[in-house]
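# Need a 3D model of the following:
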Amino acid sequence: MTRFFRAVLLTASVLGAGPALAQKSKVGDWTIEKRTQDTHCNASRGYKDKDDENRDYVIVITYSEKTIVIVMIYDGWEWETAGEILRADVGTDDADIMKKAKWEVMDRTTVRGIFEYDQSMMDRLSKAKRLTLDFEDDDDDSIEMQTPRAGEALAALKFCEENRK
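As a prediction, this is how the structure comes out:
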C-alpha cells in the first residue's frame, strides 16, 4: 500500500499538498480524502489482480475548476526515465475519452496525466467500469484498470470538494 500513499502524494502535489489527513470517507473500496494542507480532495482505489500475478493496481483522481489529475500505478510497469512524456489513448469500457493524451512517468511504476478540466471527461469517468491506457507503439505497457462504483466515488469526491475545510 505504500504505492497507494505515494500516488496520493503525487496527485496532491500538483494541486497543493500536505502530509496530514483531515477528511476521509469510503465508497466501496474507494477512499475519498482531503488532507489538512491539501487544497483539493482525492478519490483513490488500490487492488491486487489475481489474474495478473497478483500485481498491484492503484488509481487516484483529483480535480479543481481548471485541472483533472489522474495517477496510475501498476507494478508490472518498468519505466526507465522519470519525467519522460508518454502518449496514450485514454478510454473506458464504453467510451473513448482522449486520443494521444500526455502522461508523465513519475517513477518505475507510476504515470500521471494532467488534463484541462472538462465536465464531459468527468461524466465518462463516472460511468466507467474500467479505465484503459493504450500507449503508442507499446502494447506490453497498455493497461486496463478496474474502476467499479466510479460514479459513486466521483460523486463523493465532488461532495468533498464542495465541503472541504
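# Show the average pLDDT along the helix or strand containing residue 25.
Using DSSP states H and E, residue 25 maps to strand 21-27. The predicted model assigns strand 21-27 a mean pLDDT of 80.
# Which strands and helices lie in contact with the helix or strand following that strand?
Following strand 21-27 in sequence order, the next helix or strand is strand 30-35 (DSSP H and E). Here strand 30-35 touches helix 2-15, strand 21-27, strand 42-49, helix 150-162, going by 3 or more C-beta pairs under 8 Å, 6 or more residues apart in numbering; DSSP states H and E. C-beta coordinates here come from the backbone N, C-alpha and C atoms, glycine included.
# Sheet partners, orientation included, of the shortest one?
I take that to be strand 21-27. When pairing is defined by DSSP bridges, strand 21-27 lines up against strand 30-35 (antiparallel).
# Report the buried residues of the strand holding residue 25.
By neighbour count on 16 or more other C-beta atoms under 10 Å, the buried set for strand 21-27 is residue 27.
# How about stretch 111-125?
111-115, 121-122, 124-125.
# and if you look at stretch 72-88?
Per 16+ other C-beta under 10 Å, stretch 72-88 contains these buried residues: 72-75, 77, 79, 86, 88.
# Show residues contacting that stretch.
If you take C-beta atoms under 8 Å, 6 or more residues apart in numbering as the criterion, stretch 72-88 is touched by 3-4, 6-7, 46, 52-53, 55-59, 100-113, 131, 133-136, 141-143, 145.
# end-to-end on that stretch?
End-to-end span of stretch 72-88 (C-alpha to C-alpha, to the nearest Å): 13 Å.
# sorry, back to before: next, the angle from the strand holding residue 25 to helix 150-162.
If you take axes from the mean of the first three to the mean of the last three C-alpha atoms, to 10 degrees, strand 21-27 sits at 160 degrees to helix 150-162.
# tell me the angle of strand 21-27 relative to strand 42-49?
50 degrees.
# May I ask which helix or strand encompasses residue 121?
helix 119-127.
# ok and that helix relative to helix 150-162, angle-wise?
130 degrees.
# and the strand holding residue 25, how far from the chain's centre?
17 Å (C-alpha atoms, centre = their mean, to the nearest Å).
# ok, residues contacting that strand?
By C-beta under 8 Å, 6+ apart, strand 21-27 touches 31-36, 41, 43, 149, 152-153, 156, 160, 164-165.
# cutoff 7 Å now
31-36, 149, 152-153, 156, 160, 164-165 (C-beta atoms under 7 Å, 6 or more residues apart in numbering).
# Which strand residues bridge the closest residue to residue 91 other than its chain neighbours?
Residue nearest to residue 91 in three dimensions, not counting chain neighbours: residue 132, with 4.8 Å by C-beta to C-beta, 6 or more residues apart in numbering. Beta-bridge pairing for residue 132 (DSSP bridges): residue 91, residue 144.
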